[in-house]
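*Asks:* this is the structure alone, sequence omitted:
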C-alpha cells in the first residue's frame, strides 16, 4: 500500500507584481497577466506563508512569489 503523505500539502505561489501596480516599471513588449507556480511544503516545519524568489515571465525579472490560499 502507498504511504500517507502526512504533513505535506500542495501550495500555489503567485507573483507579487499582480497585487501591486508596477505598470510603469513593466516593459511594453510584455503582456500583463497572471503567472503561478505550484509546489509542496511541510506544514509542520513551515507553518507560515512561503515566499520564494522566482522568475516571472510577465515581469521579465525575478520577483517574490507569495503563497496564496
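*Replies:* Received the coordinates, thanks. Because the structure is predicted, anything quoted here is derived from the model rather than measured.
*Asks:* every contact and neighbour count from this point should use C-alpha atoms.
*Replies:* Noted.
*Asks:* my guess is residue 68 contacts residue 10. True?
*Replies:* No: the criterion here is CA atoms under 8 Å, and residue 68 misses it with residue 10 at 11.0 Å.
*Asks:* beta-bridge partners for the residue nearest the centre of the chain, please?
*Replies:* When CA atoms, centre = their mean is applied to the chain, the residue found nearest the centroid is residue 13 (2.2 Å). Residue 13 has these beta-bridge partners by DSSP bridges: residue 37, residue 67.
*Asks:* and it, what is it in contact with?
*Replies:* When contacts are counted by CA atoms under 8 Å, 6 or more residues apart in numbering, residue 13 touches 36, 37, 38, 39, 51, 65, 66, 67, 68.
*Asks:* using ChimeraX, define a selection of the buried residues within the residues you listed.
*Replies:* A single ChimeraX command selects the buried members of the contacts of residue 13 (16 or more other CA atoms under 10 Å):
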select :65,66,67
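*Asks:* distance to residue 3 and pLDDT added to the contacts of residue 13, as CSV?
*Replies:* Output for those, formatted as CSV (distance: CA to CA, whole Å; pLDDT from 0 to 100):
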residue, distance to residue 3, pLDDT
36, 29, 91
37, 26, 93
38, 22, 94
39, 19, 94
51, 28, 94
65, 30, 93
66, 29, 93
67, 26, 94
68, 27, 91
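*Asks:* among the contacts of residue 13, which one lies nearest to residue 17?
*Replies:* Comparing those against residue 17 with CA to CA places residue 65 closest, at 8.9 Å.
*Asks:* quickly find the element holding the closest one.
*Replies:* Per DSSP states H and E, residue 65 falls inside strand 61-68.
*Asks:* for this protein, what spans make up the strands?
*Replies:* 8-15, 36-42, 51-56, 61-68 (DSSP state E).
*Asks:* helices or strands next to the second one in the packing?
*Replies:* This points to strand 36-42. Secondary-structure packing of strand 36-42 (3 or more CA pairs under 8 Å, 6 or more residues apart in numbering; DSSP states H and E): strand 8-15.
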